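Colleague: here is a sequence together with a model predicted from it:
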Amino acid sequence: MKVLSEERTRLLFEKLTKYIGVNVKLLIDRPDGTYCFREKKDRVYYLSERLLHLAQTVKPDNLISAGTCFGKFTKTNKFRLHITALTYLAPYAPHKIWVKPSAEQQFLYGHHVNKSGLGRITENTPKHQGVVIYSMGDLPLGFGVAAKSTAECRHADPLATVAFHQADIGEYIRSEETLT
Amino acid sequence: MGRKAKFTDGTKVKKGPGRKARKQADPVFRKELLETDEGPKKMSHRQKQRAARRAKKKTELIEKKKALKQAKKGVLSAQKPETKDDTEKISESEDDSPKAFTDDNKEWLKPRKKLSKQVKNKSSSDGESDDEDMSGSDDGQKNKKTSSENYKVGTLDDLFDDSDKETDDELSAEDKDTSATPGTKMDYDSDSSQDEDNDKNDDDDLLPIEKANIILKKKQKLQSKLADEEMQLNIAKQDVFAFPTEEEMQNPTSLQDVHQRIKDVVAVLTDFSRLKEEGRSRCEYTDLLLKDLCIYYSYNEFFMEVLMQIFPVQELIEFLEASEVQRPVTLRTNSLKTRRRDLAQALINRGVNLDPVGKWSKVGLVVYSSTVPIGATPEYLAGHYIIQGASSFLPVMALAPQENERVLDMCAAPGGKASHIAAIMKNTGSLFANDANKERTKAIVGNFHRLGVVNSVICNYDGRQFPDVIKGFDRVLLDAPCTGTGVIAKDPSVKTTKDQKDIQRCFNLQRQLLLAAIDCCNAKSSTGGYIVYSTCSILPEENEWVVNYALKRRNVKLVPTGLDFGTEGFIKYRHHRFHPSLKLSRRFYPHAHNMDGFFVAKLKKFSNVIPEPMKDEDDELEENTETPKENGHVDIELESKGDVKQIATKISPEIKNDNHTKKRPALSQESAPSNKKKKPNQLINIKSGAKSTETKMENAETSTSGKNKKKRNKKKSKQRLQESQSDVKTVSGDLSSSNKISKDVNSLTEEKVSLSKVESKNSNALAKSELDKGKVITKRNKKKKNKNQHNDKQENQARTDIKKIKDNVAMDVSKKIKKKQKKKNKKQIGKLHNNKEKAKLQRKKHAA
């Protein structure tokens, strides 16, 4: 459990801002105590300071996880969000896409979202904006990147991709071994 | 190519009906159906001839018989009614043929003729009507039935005939057994003849239906009487279960037979004194039952025997049956993300048939059937629920964690119970989820993230080492690894694979884990200080015994689990007598509660002090049986890779150890607290000090030890006082080193005084001082051995200071006492669990 370097902190917050915008502040300034990001084996964990103190009693070799894993830094030093971050992304995301029940299952198997499967989309979503993907019953299913802006979506071909898949909750089953 | 020109100009004539215009063929009726309209079928000539011949033959036969009987009649007057009945019967079967009534039998048939004729007419008319209704309607059939019944009722004697015949048959079968039956038979016959007379008289007064009623009543009476007799007979002879012979035992025919035999034996065992076979003991029956159950349910004999010791026979069968069936799938709603009602609605919309699990849980749902895979719905992936057995709710409910507490789940994988704890705490406080298996911790990570548990630390330690990592938890849940004897339905391999060694291995691990769990808990917590111990096993060895062990070793007591159902834990099991408070623990069985077999016990820690194992008289027996196993087991575990040979060689030192441990209780009473630590050190001390005199000492030991023991017993109370004092010392030692030093010095001076005062006291006090000395000298070794005990660095420092002082005191100690000490040390070696130290000590002995 070590503090993130300046560079990595920047990368992390840049990434997070893509999805939740200015709400990143809310992750840091919380009414219920101070929370922080810590790094372990290139994985980034988000946890309260109180829990951090307790977790530091555990030897690094024996510590598996503490708090919530947000993602990892790749070998090329890019930050990649994991599906486990959805707990914190979903409530704060300003741009969302809802998929129809018929397309739900497809998305959960790791496919992109087609125009035909698009149920709703937040107004004014720009192109290449990070979006959280919901089912029509407001169940967060994952997140991705908008392939088209809201305006473009209206006139898109039914088979055209509206949102690129990045992570979905199906991974909890598909890749439990590599979740963190 | 091209099309033909239409020269005919539309006048083309169609050939045939066309491909698709196939006409339906005329219906074909069966011959019978067609002929019914024509009325009754006429017989052919030949048929008529044959029929006539048949009829003729019949009448001839009857007449022959009658003639024969007539001849007999004069001789056997008693049989008269019977023969008559026979003829009657035949005439009846003959239907309407009037030829049956000839002049020969006119005399005695006279009174009946009228009646029977009437009936016959009636029946024949019925028959006709039947024929008319024959088309197959239900009414017709009913009529037929009723008519036949009427017929029966109508012919008075026939009834008795029938019943007589029946009884005759039965009785004749029973004749062999009962000699009284012929008499009764005769009685019936005479009765019937009387009845006839009565009927004659009453013929005019009563309507036919009334007559029929009387007859019917009589018949019923008779039947009930017969039935009663038969019952009596049955009860008397009932179910003398024949014990199978050797051959039968060796060649079991079929599972059905075995099952039947199981039932029979169970019946015999439930009422043994009455149903047993002469000369058979209960043992034989239970052995037979054991073998049969093993065959039928495919268990190994050891495990079945264990089960038979736990359950009474009737319950055992229920348990085995219940263990064959899977328990219903249950879900636990994740209250962090959703409510049960919403989840139930969402799942019902997906085609899942479910219900709340019961009043005792607010988060459980039972799934009866599902059209979708229940472990892959979007709700599941979003973490709205987790699939978890109903029994797994119980330990967490018993633990009852509060918000903002620090909780530990020692064996957490795959995280079901731990996430339940987090849900109850509403993600506040902190939750440590530990598991010894690194692969399985991944499942915890997955489940926690899916279910949105954010206050958790997941770590991978051997639970036994956890007190070294972090202590001071408010609550600790220990769902110990076990043999899984409660979840046979889930994993049937348990039936055949478990043996005594597996059970031993399990309960030793469980004991160590439970002690570790208790050590992790903080007794001074304002809200908590609770430990919940649970297993999915039903064996008392893994449950009550383990808790009982912990009750002796730590300052804990049992408290009610807060679960309002489940059966009470055992207090007595075979030769074991557990602490009476174990009644507060709860057991759950598949047959009684429709959930996996489970055990839950809740402990409250009331002091952080780790007491030295105090031995009462009651404990001694148990300890003797207990400790060897334990030692043996630890060794085996350490040598998990070792060959059988190695284990075998190990067994011999263990046996020696056993002898030591048997003597241990008496010793431990005398010695001051933390004597475990001191002993090896003392040994070293003595040996270095007085190597030359050792041989003498040993000789002396044997003579003096007996005396000393007596003395010690007398002064038990005094010693205990001292012990308590020293207890206090150790505790205070943690707090401040200076205090400790002064106290120790005081105690030492006291001891000196006592030495000078009383001879008898000398031995004890000196022993004590010696012990203390030993303590001081070998702190390092102590630390290695007893991590549990709170030896702070400060204390050690303090002790080094004291050491010098004590050394001076020790100079005064006589050789005699040294000898005693040495003997003690020898005994105490047996107590040590560490192989290395054992070896060391033994080497030293040899050197000496």
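Modeller: That came through fine. Numbers count the residues shown, from 1 in each chain, chains lettered A, B, ... in the order given.
Colleague: quick one, phi/psi of B:Gln70?
Modeller: For B:Gln70, the backbone dihedrals (degrees, to the nearest 10) come out as phi -60, psi -40.
Colleague: what does B:Asp409 give?
Modeller: When read as degrees, to the nearest 10, the backbone of B:Asp409 gives phi -110, psi 110.
Colleague: also A:Arg8?
Modeller: Geometry field for A:Arg8 lists phi and psi as phi -70, psi -40, criterion degrees, to the nearest 10.
Colleague: could you find the closest non-adjacent residue to it?
Modeller: If the residues on either side of it in the chain are set aside, A:Arg8 comes closest to A:Phe73, at 6.3 Å by Cβ to Cβ, 6 or more residues apart in numbering or on different chains. Where you see a C-beta, it was placed from the backbone N, CA and C, and this is true even at glycine.
Colleague: who are the contact partners of that neighbour?
Modeller: Applying Cβ atoms under 8 Å, 6 or more residues apart in numbering or on different chains, we find A:Phe73 in contact with A:8, A:11, A:39, A:42, A:44, A:79-80.
Colleague: what's the pLDDT at residue 172?
Modeller: Defaulting to chain A. What the model reports as pLDDT for A:Tyr172 is 92.
Colleague: meant chain B, my bad for not saying
Modeller: At B:Ser172 the predicted local distance difference test score is 46.
Colleague: which of the contacts of A:Phe73 fall in helices?
Modeller: Those of those mapping onto helices are A:8, A:11, per DSSP state H.
Colleague: show me where chain A has strands.
Modeller: With DSSP state E as the criterion, chain A has strands at A:2-3, A:35-40, A:43-48, A:63-66, A:68-73, A:79-81, A:96-99, A:113-114, A:118-121, A:130-135, A:140-146, A:161-168.
Colleague: and the closest residue to B:Thr496 other than its chain neighbours, how many neighbours does it have?
Modeller: Across the structure, with Cβ to Cβ, 6+ apart as the measure, the residue nearest B:Thr496 apart from its sequence neighbours is B:Asn300 (4.9 Å). The tally of other residues near B:Asn300 (other Cβ atoms under 10 Å in any protein chain shown) stands at 14.
Colleague: could you list the residues of chain B in contact with chain A?
Modeller: Residues of chain B lying near chain A by Cβ under 8 Å from any Cβ of the partner chain: B:346, B:375-376, B:378-379, B:381-383, B:406, B:430, B:432, B:438, B:441-446, B:448-450, B:452, B:454-461, B:469-470.
Colleague: let's see which of those residues end up in strands.
Modeller: Judged by DSSP E, strands contain the following of the residues of chain B next to chain A: B:406, B:430, B:432, B:456-459.
Colleague: can you classify B:Leu269 by secondary structure?
Modeller: For B:Leu269, the reduced secondary structure class is helix; criterion used: DSSP: H, G, I helix; E, B strand; the rest coil.
Colleague: that one and chain A: what is the separation?
Modeller: 50 Å (Cβ to the nearest Cβ, to the nearest Å).
Colleague: ok, the closest residue to chain A within the stretch 501-650 of chain B - how many residues close by?
Modeller: In the stretch 501-650 of chain B, no residue comes nearer to chain A than B:Cys520, which is 12.1 Å away by Cβ to the nearest Cβ. Here the neighbour count serves as a burial measure; for B:Cys520 (other Cβ under 10 Å) it reads 25.
Colleague: wait, doesn't the residue nearest to B:Thr496 sit right on B:Gln500?
Modeller: No - in this structure, B:Asn300 sits apart from B:Gln500 without contact. The criterion is Cβ atoms under 8 Å, and the distance is 11.2 Å.
Colleague: which stretches of the stretch 251-400 of chain B form strands?
Modeller: Under the criterion DSSP state E, counting those that start in this stretch, the stretch 251-400 of chain B contains strands at B:329-333, B:352-356, B:364-370, B:385-387.
Colleague: how about TSV for the ones you listed, with mean neighbour count added?
Modeller: What follows is the strands of the stretch 251-400 of chain B, written out as TSV (neighbours: other Cβ atoms under 10 Å in any protein chain shown):
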stretch	mean neighbour count
strand B:329-333	23
strand B:352-356	16
strand B:364-370	16
strand B:385-387	21
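Colleague: B:Cys506 - that's part of a strand, no?
Modeller: No - counting by three-state DSSP, one finds B:Cys506 to be helix, located in no strand.
Colleague: dump the residue contacts of it.
Modeller: With contact taken as Cβ under 8 Å, 6+ apart, B:Cys506 is in contact with B:480-483, B:537, B:541-542.
Colleague: please apply the same query to B:Gln465.
Modeller: B:Ala516.
Colleague: count of residues packed around B:Asp26?
Modeller: B:Asp26 sits with 6 neighbouring residues when counted by other Cβ under 10 Å.
Colleague: measure it to chain A for me?
Modeller: For B:Asp26, the distance to chain A equals 54 Å [Cβ to the nearest Cβ].
Colleague: thanks again, I'm all set now.
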